[in-house]
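1. generate a structure from the sequence data that follows.
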Amino acid sequence: MSAKDRDSLLIARRNLKMARSPEAYIRGTTRLFYNWLARHSLSVPDGPAVWICGDCHLGNLGALADRNGDVAVQIRDFDQAVIGNPAHDLIRLGLSLASAARDSDLPGVTTARMLDALIGGYESASGKSQAHTPHLRQPKDIRKLVRHSLRRRWRDLAMENFQTKHPLLPRNKRLWPLHRSERAAVLALCRQRKLGEIVLEPEKLQKSCNPTVLDAAYWVKGCSSLGHLRCAVLVGDGKHRPVSLLDIKEAVAAAAPSAAGSGMPRDDAERVVAGAKALSPNLGNRMVAARVMDKAVFVREIAPQDMKIDLGRLGAKELCEIAHYLGGVVGLAHGRQMGEHDWRSWIGELTSGRKRKPDAPSWLWTCVTELLSIHDKAYLEHCRQFALEHH
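-> So this is what the prediction gives:
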């Protein structure tokens, strides 16, 4: 398959995937989100310039293991990470939660309460000590996610991603052969000692004096990343036993607006890694920037304990509890980058409306409801354009 044919197939697959549900459409329309935000002149508080996720929807938060195997719920995707306005993360997450509320057939008042809970959770992360040591009460669904995460082992990771326990990557609809030049470049990258020292856990390297690449394949994964280089690499211990699964992903220019004079790395892969380290140490400390065939890429080890939040139909109370908790998770990610004075000043600006009236701040309510209306029309048009002919 030529590169041109592969790209056209991936673009078609992305369009169909985005048509599956409103939430799937949200995940694939980051650039449109920021275009809509700017075009409709929505009033957004101007927050302090810190690293933000830039694409903070439900699917981009979840359980992440650190290098010692401990698990915490943190942000898990940084393709759009920039030094920018933290309010953008709240709006993006609010939009995702509002969509989830409608998928659960909950009344409109639930969305108002949920957005209030989101801001309340974000505010609860105040204080420098809490910015480093989370003290957030986990809802039942989050506790279940963390318990499940801690029980997972290599075989669970392999079966979930590849439907096999063997130390090979089966070629199927999700794993395609790499082009010869791509495979050579990926293998050359994985032979770099720097990569092994940064990405692989020290204990694994001690047990495996000669880690080797068992297999590598083009990974058809995600939504917005379809059409860009992405590889799954299985690393073994030299005795054909799997040690690590590496995810090599092309870094592209961010759609999220960055603050003027922010001093971010110019290289997109270095930008992604810097954002990850600032926002989610559990993941950022096992990522590295590199290049493959003159493309900026970042490499991360996927741990068996890594799991995204996947919510089914929820009741109003459960959804509000999750919104409060995730608001705290995002608040901790932002707050650890600010001094006490800056954090209190920022929270004061965000919550000034709530002190006068016990509901969601008018700016967040206005942004989310306006964007939800725009999103619905665009989603239906997307379905008519790309999915109608396949049914």
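2. for the rest of this, base every contact and every neighbour count on C-alpha atoms.
-> OK.
3. and the chain, split by domain according to the record?
-> Listed domain ranges for the chain are 3-150+308-390, 166-304 (source: automatic domain parsing).
4. and Val220, what is it in contact with?
-> Leu10, Lys173, Arg174, Leu175, Trp176, Leu226, Arg230 (Cα atoms under 8 Å, 6 or more residues apart in numbering).
5. wait, I meant Val213
-> Leu187, Cys190, Val233, Leu234, Val235, Gly236 are the contacts of Val213 under Cα under 8 Å, 6+ apart.
6. rerun at 6 Å
-> Leu234, Val235 (Cα atoms under 6 Å, 6 or more residues apart in numbering).
7. report pLDDT for it.
-> pLDDT recorded at Val213 is 86.
8. quick check: phi and psi at it.
-> The phi and psi values for Val213, taken as degrees, to the nearest 10, are phi -80, psi 120.
9. next one: the one 4 residues further on
-> For Ala217, the backbone dihedrals are phi -150, psi 160 (criterion: degrees, to the nearest 10).
10. ChimeraX command to pick out the buried ones of the contacts of Val220?
-> In ChimeraX, this line selects whichever of the contacts of Val220 come out buried by 16 or more other Cα atoms under 10 Å:
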select :10,175,176,226,230
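11. for the contacts of Val220, which one is nearest Ala259?
-> Leu226 (27.6 Å; Cα to Cα).
12. tell me the spacing between the nearest residue to the closest one once chain neighbours are set aside and Glu349.
-> Closest residue in space to Leu226, ignoring its immediate chain neighbours: Leu10 at 5.6 Å, by Cα to Cα, 6 or more residues apart in numbering. Note on Leu10: its distance to Glu349, by Cα to Cα, to the nearest Å, is 43 Å.
13. same check on Leu314?
-> Distance from Leu314 to Glu349, by Cα to Cα: 31 Å.
14. compare those two (neighbour count), which wins?
-> Leu314 (17 against 13; other Cα atoms under 10 Å).
15. ok, that one - contacts?
-> By Cα under 6 Å, 6+ apart, the contact list for Leu314 reads Ser104.
16. ok, now how distant is it from Ala100?
-> For Leu314, the distance to Ala100 - Cα to Cα - is 9 Å.
17. next helix or strand past the helix or strand of the chain with the lowest mean pLDDT?
-> Each helix and strand of the chain was given a mean pLDDT (mean pLDDT, DSSP states H and E); the minimum falls on helix 128-132 at a mean of 44. The helix or strand immediately downstream of helix 128-132 is helix 140-151, counting by DSSP states H and E.
18. quick one: the strands in this protein?
-> Assigned by DSSP state E, the strands in the chain fall at 50-52, 61-65, 71-75, 82-84, 175-176, 212-219, 230-236, 242-250, 287-292, 295-302, 307-308.
19. possible to save those strands as a markdown table with distance to Gly339?
-> Below are the strands of the chain laid out as a markdown table (distance: least, Cα to Cα, whole Å):
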| stretch | distance to Gly339 |
| --- | --- |
| strand 50-52 | 11 |
| strand 61-65 | 24 |
| strand 71-75 | 20 |
| strand 82-84 | 16 |
| strand 175-176 | 45 |
| strand 212-219 | 41 |
| strand 230-236 | 37 |
| strand 242-250 | 33 |
| strand 287-292 | 26 |
| strand 295-302 | 30 |
| strand 307-308 | 30 |
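20. these: which one's closest to Ala323?
-> Relative to Ala323, the nearest member of the strands of the chain by Cα to Cα is strand 61-65, separated by 11.8 Å.
21. got a list of contacts for the closest one?
-> Val71, Ala72, Val73, Gln74, Ile75, Arg76, Asn282, Gln305, Asp306, Met307, Lys308, Ile309.
22. same check on stretch 16-35?
-> By Cα under 6 Å, 6+ apart, stretch 16-35 touches Cys223, Ser224, Ala255, Cys383, Ala387.
23. farthest pair within the residues you listed?
-> Top of the distance list for these (Cα to Cα): Ala255 and Ala387, 25.5 Å.
24. please enumerate the helices of the stretch 51-200 of the chain.
-> Using DSSP state H, counting those that start in this stretch, the helices of the stretch 51-200 of the chain run over 87-103, 108-124, 128-132, 140-151, 154-162, 180-190, 193-199.
25. quick one: closest of those to Ala3.
-> Comparing those by Cα to Cα, helix 180-190 comes nearest, at 10.7 Å.
26. tell me the average confidence for that closest one?
-> Mean predicted confidence for helix 180-190 is 92.
27. other SSEs contacting that helix?
-> Here helix 180-190 touches no other helix or strand, going by 3 or more Cα pairs under 6 Å, 6 or more residues apart in numbering; DSSP states H and E.
28. any idea how many residues pack against Cys190?
-> 18.
29. brain fart, Ser8
-> Ser8, neighbours per other Cα under 10 Å, totals 12.
30. gap between stretch 323-334 and the chain center?
-> 14 Å (Cα atoms, centre = their mean, to the nearest Å).
31. contacts for it?
-> With Cα under 6 Å, 6+ apart, stretch 323-334 has contacts from Ala117, Leu118, Gly121, Tyr122, Ala125, Ala131, Leu279.
32. same thing with stretch 254-274?
-> Here stretch 254-274 makes contact (Cα under 6 Å, 6+ apart) with 31, 54, 78-84, 251, 289, 296-298.
33. most neighbours among these, please name it.
-> Busiest of those [other Cα under 10 Å] is Gly54, holding 30 neighbours.
34. surely it meets Ile83?
-> No - if you go by Cα atoms under 6 Å, Gly54 and Ile83 don't touch, sitting 9.1 Å apart.
35. select the longest helix from the protein.
-> helix 362-386 (DSSP state H).
36. which elements pack onto that helix?
-> So helix 362-386, by 3+ Cα pairs under 6 Å, 6+ apart, packs with no helix or strand.
37. Ala87: how many residues sit nearby?
-> 20.
38. repeat for Gly312
-> Look at Gly312: counted by other Cα under 10 Å, it has 9 neighbours.
39. which residue, neighbours along the chain excluded, lies closest to it?
-> Counting by Cα to Cα, 6+ apart, the residue nearest Gly312 is Ser104, at 7.9 Å.
40. what separation is there between Lys194 and Gly108?
-> Per Cα to Cα, Lys194 is found 52 Å from Gly108.
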